[in-house]
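K.L.:
Got a predicted structure plus its sequence, pasted below:
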Amino acid sequence: MKKRPSLKGKGAEIFLSGEPAAGRATRPTAAGHETKREAGEEKEKEKATFYFPPKLLSDLDEAWMKLRRENRRIKKSDLVRAALVEALADFKRRGRESLLAAAFQKRA
């Protein structure tokens, strides 16, 4: 009877299709603003912390709860990501005429 192959020293490589950990792809560049649906796969994520007014957080919670009734898997991060993708795409297309730029224009 043959012995099983040794896994000693293999570490996480056995779970990564034989690809060494050092050779793994790095995080996507800033130009790769794709959502999971657009990319067809989950991209690596990074944590970011931002501060919001309580009213905005309350509105986010309300929208999240309404959307969760239809899709239990949705997360608040998904909502924030979708809103940012749309706002940044609008800014890229329309520049100073975008809703994002308008929110910060000085009122005369």
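P.N.:
Perfect, thanks for sending it. Numbers count the residues shown, from 1 in each chain.

K.L.:
Every contact and neighbour count from this point should use C-alpha atoms.
P.N.:
Noted.

K.L.:
helix/strand/coil for residue 71?
P.N.:
Assigned by DSSP: H, G, I helix; E, B strand; the rest coil, the conformation of residue 71 is coil.

K.L.:
Contacts only, for it.
P.N.:
By Cα atoms under 8 Å, 6 or more residues apart in numbering, no residues touch residue 71.

K.L.:
Tell me the pLDDT of residue 72.
P.N.:
Per-residue pLDDT puts residue 72 at 88.

K.L.:
since we're on residue 64, how many residues are nearby?
P.N.:
By other Cα atoms under 10 Å, the residues close to residue 64 number 19.

K.L.:
likewise residue 43?
P.N.:
14.

K.L.:
Is it in a helix, a strand, or coil?
P.N.:
coil.

K.L.:
now swap in the one 5 residues further on and tell me
P.N.:
Reducing the assignment to helix, strand or coil with three-state DSSP, the entry for residue 48 is coil.

K.L.:
where's it relative to residue 86, distance?
P.N.:
With distances taken as Cα to Cα, to the nearest Å, residue 48 is found 18 Å from residue 86.

K.L.:
Who has more neighbours out of those two?
P.N.:
Neighbour count, other Cα under 10 Å: between residue 48 and residue 86, residue 86 has more, with 12 against 5.

K.L.:
Give me the three-state assignment for the more buried one.
P.N.:
Residue 86, by the three-state scheme (three-state DSSP), is helix.

K.L.:
Need the per-residue pLDDT for it.
P.N.:
At residue 86, pLDDT is 95.

K.L.:
So it versus residue 106, what's the distance?
P.N.:
23 Å.

K.L.:
got it, and residue 94?
P.N.:
18 Å.

K.L.:
of those two, who's got more company?
P.N.:
residue 94 (13 against 6).

K.L.:
Could you tell me the phi and psi values at that one?
P.N.:
Dihedral pair for residue 94: phi -110, psi -10, per degrees, to the nearest 10.

K.L.:
now swap in the one 10 residues further on and tell me
P.N.:
Torsion angles at residue 104 (phi, psi; degrees, to the nearest 10) stand at phi -120, psi 10.
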